[in-house]
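1. One predicted model, sequence on top.
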Number of protein chains: 4
Amino acid sequence: MPKETFLNLSAEKQEKIMRAAVNEFNTNGFDKGNIGDIAKSAGVAKGSMYQYFENKRELFLYAVKWTLELLVKKYAPNLTIQNEEMDIFDFLITNSKSSMKQIREERELGIFVQDVFLGKYNSLTDESMEFMIKFSNEYMLKLLEVGQKNGSIRNDIDIHLISLYTLGVSYKIKEYMMNKARAHGEDILNDDYDKYEDDIKAMIELLKHGMGGR
Amino acid sequence: MPKETFLNLSAEKQEKIMRAAVNEFNTNGFDKGNIGDIAKSAGVAKGSMYQYFENKRELFLYAVKWTLELLVKKYAPNLTIQNEEMDIFDFLITNSKSSMKQIREERELGIFVQDVFLGKYNSLTDESMEFMIKFSNEYMLKLLEVGQKNGSIRNDIDIHLISLYTLGVSYKIKEYMMNKARAHGEDILNDDYDKYEDDIKAMIELLKHGMGGR
Amino acid sequence: MPKETFLNLSAEKQEKIMRAAVNEFNTNGFDKGNIGDIAKSAGVAKGSMYQYFENKRELFLYAVKWTLELLVKKYAPNLTIQNEEMDIFDFLITNSKSSMKQIREERELGIFVQDVFLGKYNSLTDESMEFMIKFSNEYMLKLLEVGQKNGSIRNDIDIHLISLYTLGVSYKIKEYMMNKARAHGEDILNDDYDKYEDDIKAMIELLKHGMGGR
Amino acid sequence: MPKETFLNLSAEKQEKIMRAAVNEFNTNGFDKGNIGDIAKSAGVAKGSMYQYFENKRELFLYAVKWTLELLVKKYAPNLTIQNEEMDIFDFLITNSKSSMKQIREERELGIFVQDVFLGKYNSLTDESMEFMIKFSNEYMLKLLEVGQKNGSIRNDIDIHLISLYTLGVSYKIKEYMMNKARAHGEDILNDDYDKYEDDIKAMIELLKHGMGGR
DNA sequence: GATGAATGAGGCTTCATTCAT
DNA sequence: GATGAATGAAGCCTCATTCAT
């Protein structure tokens, strides 16, 4: 949804602008997010922003798309279903590690995506979520299907519900880490990450065997 | 945080104003939420809003408090831990039913609280969440403790992690219902609710025994 | 210009209200001067102010009148022309002492009058000055006439100009003291006053013999 | 204190805006002074005013600065101390003539400066006076020093008191002319000015030799 | 007559968007 | 295409005044 003009910019300039936008929206939200400030911190003229994007809304929507694509390109490769026999729980652990890496390296972008996902951007949510949701749901479904087929997931319960359930847990795990990240700012230590990893494993154990006693 | 003046109003007027506020914030968010419109739809003068509340921010904060209190008063009584032997999973089912009832009857308020909880209201989140969080976390912890004591919950995993995990699932369940509610508007049929109930039971089964195969 | 209602109040209440008003206008000027605050600090209801005065403007105008009358009643008795032979310069010294006393005892009121006089209250100036001016001009004229008659004032210059001139100097003297008063707040020491008195005498010497050399 | 944007405007535009501002403040004072009206009468958009100045306060402060600078540039050249032997009283006459010229030609600006000087603008006084005061006081002191040295001013009285005294008289003279100007509006005749000149000379005679008889 | 809540006009300021260079 | 100044709509908040008790 950017105009031609934007796409003709060098990749670096594009990135600079998008990161400035993400940063501004993270800090001030959409309504209070200031186009002038984005322009300034990206080093372009306010007017130029309107040569690149129809309006603030389009800028925002593209920021979501751009961020997602960057994150996927950078972190998703690890996350492909490798074979039909893979253990779904092992996979989730890998997945979490990848998220953790992402949070460490791209905190701003991660927070942005999470906030969009959380519906913080109100009126824009629907549009920006559309493909996010579809993406993550379908992904999870495919994953669980494989699991049910190879027996690593019980199949007496509707796969859609399991998907929902798993997403809830995954989400909570991610949120857990993200909150640490938000709280600690840039200063998360590697040691912290090790500890989080243990926690995550415990959660996946719960996912696998439940929390029922005995 | 309202001024004396507000508290002196009849309960009806107070309620009318708060519902108008919740409605406006639900629709337009905080920044775009218009005090004049809230006043108009509550049938008071714009200026009066400022006799009731210091400013928009205070109005918002009180809307959260008011909503929570109303919901708790109306729906929480069912949610007390009755005895040390209660099954935690039974309890969660009751809990969900109560949520469902709430969503059916107080859709607007439920959505509002959820959005606050989700952090949609950015800068105001911290303040409004303070007691929400504390409330829900401590509540869940107490619940799980009882469960671990009476053996209905496994005790080889740190209770805080289980709490986090359960909240994730509970939240997802609630979100699941809420989304249906948002999507369907006012037009959710009773039949739908019956179906949701089954789904919820399935989720709690997952919570109890996990989704591991075999 | 107050309403009947105000005049029926006890003298104490009236005074309390007027002093509260003067205080508020001193602090915040007319436009920003807040009727509610005046009411509060006088211990009456905001609404009552409107039973006492038609509007803010009338309240202000009466505050000027009330203040002037109080000051005249309290400090002017010393200032009557006692006999045809009195030395005009001696008289001015007495006059200054009286002003000094006033400033010490009724700082707030003095400042208020001065500000009105200075035209700080813009649109209201004309109305409030009307009688102030007339009062002080006529007074001074009468004084100088006596002086010209008994030879203590030269009579080769138009008496109106001398009046203007003298008022300028008197005013500057008063301003001089007032500024000290404003600066020092309540904490002017008696020693200070002694010093001021010397200064004033020097000024009156200038008035009498001019500042020309030789 | 204006923003870059303002300083980039053509001198004409700047002048138009400043005169519009001075006019508005003269008429309505600071609080009631309306930015929208200033903009309209200067022929710019209300919003533009905020590209030029941070806020109303800054606009006002700059109006003072701008006005003073213009007046000094236009009328002060005549007012330099030419040599050590100059007669101070001759100088004051020249000075007064210059003031008179100024009042005739720049009535609005003169009134504005005088009102600022008088403290009509309350809360803004301190800031706007800072350099006015310093300017006029130091100027007068330097002048009198020269006078005391060359014997045209008596030196048995503290120079600071003489300064205060002289400022009082000068001020009154200026006020005298200004009031005529205010009263007559644009319609002061040249004949009037001749008469004022005589009056001023009489006053300076008083300054020189005092008003004492014999 | 006293009270204090209700009213709504009014103004500063912000900022997305447009426009002229 | 880039720039940054110009525009004006929109909204929060204040507070003199009115009104109901």
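-> Received the coordinates, thanks.
2. Indicate whether stretch A:91-100 makes contact with chain B.
-> No. Against chain B, stretch A:91-100 shows no contacts by Cβ under 8 Å from any Cβ of the partner chain, the least distance being 10.8 Å. Yep, even glycine has a C-beta here, placed from its N, CA and C like the rest.
3. wait, I meant stretch A:46-55
-> No. In terms of Cβ under 8 Å from any Cβ, no part of stretch A:46-55 sits within range of chain B; the closest distance is 15.5 Å.
4. Just the mean pLDDT for that stretch, thanks.
-> Mean pLDDT, computed over stretch A:46-55, is 95.
5. do stretch A:156-164 as well
-> 81.
6. residues in contact with that stretch?
-> The contact list for stretch A:156-164 (Cβ atoms under 8 Å, 6 or more residues apart in numbering or on different chains) reads A:137, A:140-141, A:144-145, A:148, A:153, B:172, B:176, B:199, B:202-203, B:205-206, B:211.
7. A:Met129 in helix, strand or coil?
-> helix (DSSP: H, G, I helix; E, B strand; the rest coil).
8. My understanding was that it contacts A:Val116; is that so?
-> Yes. Look at A:Met129 against A:Val116 with Cβ atoms under 8 Å: they come within range, at 7.0 Å.
9. okay, these two: which has more neighbours?
-> A:Val116 (22 against 18; other Cβ atoms under 10 Å in any protein chain shown).
10. Spatially nearest residue to the most centrally placed residue in chain A (excluding sequence neighbours)?
-> By Cα atoms, centre = their mean, chain A has its centre lying nearest to A:Val113, at 4.8 Å. Leaving aside its sequence neighbours, A:Val113 sits nearest to A:Thr67 (Cβ to Cβ, 6 or more residues apart in numbering or on different chains; 5.7 Å).
11. host element of the one you found?
-> Under the criterion of DSSP states H and E, A:Thr67 resides in helix A:56-75.
12. Do any residues in that helix lie close to DNA strand E?
-> Yes. For helix A:56-75 and DNA strand E, the contact criterion (Cβ under 7 Å from any atom of the strand) is met by A:Lys56, A:Arg57.
13. show me what contacts the residue nearest to A:Val113?
-> A:Met18, A:Val22, A:Leu109, A:Phe112, A:Val113.
14. and what of A:Leu59?
-> A:Pro2, A:Ala21, A:Ile35, A:Ile38, A:Met49, A:Tyr52, A:Phe53.
15. ok so, going back, neighbour-wise, which one of the contacts of stretch A:156-164 leads?
-> That'd be B:Met211 among the contacts of stretch A:156-164, by other Cβ under 10 Å, with 27 neighbours.
16. phi, psi of A:Ser152?
-> Backbone torsions for A:Ser152, taken as degrees, to the nearest 10, come to phi -80, psi -10.
17. Hmm, B:Met211 and it touching each other?
-> No. Using Cβ under 8 Å, A:Ser152 makes no contact with B:Met211, being 9.2 Å away.
18. Return the distance of the residue of chain A found nearest chain D relative to A:Arg57.
-> Of all residues in chain A, A:Gly36 sits closest to chain D, at 11.4 Å by Cβ to the nearest Cβ. Using Cβ to Cβ, to the nearest Å, A:Gly36 is found at 16 Å from A:Arg57.
19. Which of those two has more residues huddled nearby?
-> Shown here are A:Gly36 and A:Arg57; by other Cβ under 10 Å, A:Arg57 has more neighbours (14 against 11).
20. Check what pLDDT the residue nearest to the more buried one when sequence neighbours are not counted gets.
-> With sequence-adjacent residues excluded and distances taken as Cβ to Cβ, 6+ apart, A:Arg57 is closest to A:Leu124, at 6.9 Å. Here, the pLDDT recorded for A:Leu124 equals 78.
21. Check A:Lys13 too.
-> So A:Lys13 comes in at 95 (pLDDT).
22. So what touches the one helix or strand it maps to?
-> Using DSSP H and E, A:Lys13 falls within helix A:11-32. Residues from elsewhere that reach helix A:11-32 (Cβ under 8 Å, 6+ apart): A:6-7, A:9, A:33-34, A:37-39, A:41-44, A:49, A:52, A:56, A:59-60, A:62-63, A:66-67, A:108-109, A:111-112, A:115, A:120-122, A:124, B:29, B:31-32, B:122-123.
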